[in-house]
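Novice: Return a 3D structure for these sequence lines:
(4 chains)
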2 protein chains.
Amino acid sequence: MGEEKIKEILHQAGLKYTPGRAALIDFLWRASRPLTQEEISLGLKESGLNKVSIYRALDSFLQAGLVHRLESGDRVWKFAFCGCGSRGHCHPHFICRACGKVECLTKVHLPEVAASAQGYIIEEQEVYFKGLCPGCS
Amino acid sequence: MGEEKIKEILHQAGLKYTPGRAALIDFLWRASRPLTQEEISLGLKESGLNKVSIYRALDSFLQAGLVHRLESGDRVWKFAFCGCGSRGHCHPHFICRACGKVECLTKVHLPEVAASAQGYIIEEQEVYFKGLCPGCS
DNA sequence: AATATAAACGCAACTCAATTGCGTTTAGAG
DNA sequence: CTCTAAACGCAATTGAGTTGCGTTTATATT
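Specialist: Have a look, this model is predicted:
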């Protein structure tokens, strides 16, 4: 992602531009799938961004709606850059039980579920498919 | 739940009948919603079942398909007794962002999603609705 | 009923992702 | 250039969940 675009995104979110955060956004954007802090740390090794700083940056991105955060069954947060803007997850995710990787199924259309039972206010919806990915099946 | 019924369930699962496990199954069955280990410990205080024993019993129940296990966004396992038999979750769950409680939406019908993209083998499906429950809205 | 044995249990110690505290550095507005 | 709040790094802490290990107990078999 271009530096100018990243500056614009951070500015619009009310966050400061720093080399670490720019590298983080670019890395998430290029991955185009949810990543753990560990995966991010490995990928940004040369940038030297601290583990705590990564978590804090991701938290502020989350609050600003720049990323989605999800658990995929192993009690580890995964973060994905997402430009859809909605607070709820805009697309389902596929979790491979063999390699553990998570993918965004941006092309899968989710039908509307009329779950507006009495008194329930539904703000977000998350859908997970679990099984084997093409590489593992 | 009756003692005979519990004995039958445990026997069918190849597990021994113990007072602790019987109390655990009955408690989960009466709750009819996913509970954390902490909630279970509080509810079974008088039974004195140890935290580790609860986790180990729940794990064996999980393997036997007697319970479902899910994460509801706070990195804490929740376990629910479920007689549906399927390994995948047979119904969606509602998570209240205010009180944190999770409910099984057994009455909500999930439409089939044709997500059988090339190479993906889908074994389970989990659907979460997040928002406010009747008590918190 | 007695015995054998594998499962279940309790306690203490451990793991590890995530968070907190705190002092230092830096971005960016004025 | 200066000032201030945001961002950062390091070390210590938290807490759900797990592991090791010795003891107890359910239950099948003699």
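Novice: Around chain B, which positions in chain A sit nearby?
Specialist: Taking C-beta under 8 Å from any C-beta of the partner chain as the contact definition, chain A meets chain B at A:71, A:73, A:75, A:77, A:88, A:92, A:94, A:97, A:105, A:107-111, A:113, A:115, A:117-134, A:137. Backbone N, C-alpha and C define where each C-beta goes, glycine included.
Novice: From those residues, which land in helices?
Specialist: Taking DSSP state H as the definition of helices, the residues of chain A next to chain B contribute nothing to them.
Novice: Go ahead and build a ChimeraX selection from the buried members of those.
Specialist: Entered in ChimeraX, the line below selects the buried ones among the residues of chain A next to chain B, by 16 or more other C-beta atoms under 10 Å in any protein chain shown:
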select /A:71,73,77,92,94,105,108,110,113,115,120,124,125,126,127,128,129,130,131,132,133
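Novice: residue nearest the centroid of chain A?
Specialist: Computing the C-alpha centroid of chain A and ranking residues by C-alpha atoms, centre = their mean puts A:Ala80 first, at 1.6 Å.
Novice: Report the rounded mean pLDDT for the helix or strand containing A:Glu103.
Specialist: Under the criterion DSSP states H and E, the helix or strand holding A:Glu103 is strand A:102-104. Averaged over strand A:102-104, pLDDT sits at 91.
Novice: now do stretch A:130-137
Specialist: Looking at stretch A:130-137 alone, the average pLDDT works out to 89.
Novice: Only alpha carbons, please: show it as CSV.
Specialist: Output in CSV follows, covering the C-alpha atoms of stretch A:130-137 (Å, rounded to 0.1, in the frame of the first residue of the first chain):
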residue,chain,number,x,y,z
LYS,A,130,-14.2,-25.0,9.7
GLY,A,131,-12.6,-27.8,7.8
LEU,A,132,-9.7,-28.4,5.5
CYS,A,133,-8.3,-25.8,3.1
PRO,A,134,-7.2,-26.7,-0.4
GLY,A,135,-3.6,-27.1,0.7
CYS,A,136,-4.4,-29.6,3.4
SER,A,137,-7.3,-31.6,1.9
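Novice: Mind giving me the packing neighbours of whichever strand in chain A runs longest?
Specialist: Assignment by DSSP state E gives strand A:121-132 as the longest strand of chain A. Under the contact definition 3 or more C-beta pairs under 8 Å, 6 or more residues apart in numbering or on different chains; DSSP states H and E, strand A:121-132 sits against strand A:93-96, strand B:121-132.
Novice: Out of those strands, which gets nearest to B:Ile9?
Specialist: Ranking the helices and strands packed on strand A:121-132 by proximity to B:Ile9 (C-beta to C-beta) places strand B:121-132 first, at 22.2 Å.
Novice: follow-up on the earlier one: how about CSV for the helices and strands packed on strand A:121-132, with distance to B:Asp59 added?
Specialist: CSV is the format used below for the helices and strands packed on strand A:121-132 (distance: least, C-beta to C-beta, whole Å):
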stretch, distance to B:Asp59
strand A:93-96, 20
strand B:121-132, 17
